[in-house]
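[1] task: produce atomic coordinates for the following.
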Amino acid sequence: MPRAVLTGKAVPANIHGMAYSFLIFDFGGDEDLAQQARHRIEGWKQGFRLDKKLQLKIERKDLEEKNDTGTETSAKNSKPGSKAKSPSKAKAKSSRAAEPEAGSSSSGEAEIRMIVRLDFSDHEKLSHQRWLERIPTEEPFKTAKPKVIRPGGPDFDTTEALFESLD
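    From the prediction side, this is the model:
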């Protein structure tokens, strides 16, 4: 009777790969609704101690390009002496101030997408499933065209690469 040959590396039984899922919400140009959703997720992270398990990144299209060119010129014109000290801080402050104005004035041109990554370990499958069901049914997320992307799905790899590339 021939013996089976093991060709793979042995993996300890207590180490499991952590599968994570993505939730994508498309807010269109509604900056206020996107901010409400972000505050809601930040509250859940603090309240339920989900710091590493519930991660959020926001993707802005068309609005980001306009803010970059507009804030550089406004930062140069507003404080020429302070530019040498901390250009990144002045740029960040002016971009934060410019975002709500640009979002409200050009709401049709901007596209805001929120990507939420649920990263629970294998023994927390029930919690993972409950959060996947709960988040899209909450108020700021209902109208944002929720889309769930699970591991092994057709868009999983592209979504994972996009999530890692965002700030």
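[2] ranges for the strands of the chain?
    Applying DSSP state E to the chain gives strands spanning 20-28, 54-61, 111-119, 147-149.
[3] list the contacts of the third one.
    Contact with strand 111-119 is made by 18, 20-31, 34, 37-38, 41, 52-63, 128, 131-132, 135, 144, 159, 162-163, 166, as judged by C-beta atoms under 8 Å, 6 or more residues apart in numbering. Every C-beta, even on glycine, is put in place using the N, C-alpha and C of the backbone.
[4] now the residues you listed: which count as buried?
    Among the contacts of strand 111-119, those buried by neighbour count (16 or more other C-beta atoms under 10 Å) are 20-31, 34, 37, 41, 53-56, 58-60, 63, 128, 131-132, 135, 144, 159, 162-163.
[5] turn the strands of the chain into a markdown table, columns for distance to residue 46 and mean pLDDT.
    Output for the strands of the chain, formatted as a markdown table (distance: least, C-beta to C-beta, whole Å; pLDDT from 0 to 100):
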| stretch | distance to residue 46 | mean pLDDT |
| --- | --- | --- |
| strand 20-28 | 19 | 95 |
| strand 54-61 | 10 | 94 |
| strand 111-119 | 15 | 95 |
| strand 147-149 | 24 | 95 |
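[6] just put the ones you listed in a markdown table and tack on distance to residue 45.
    Shown next, in a markdown table, are these (distance: least, C-beta to C-beta, whole Å):
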| stretch | distance to residue 45 |
| --- | --- |
| strand 20-28 | 14 |
| strand 54-61 | 5 |
| strand 111-119 | 11 |
| strand 147-149 | 19 |
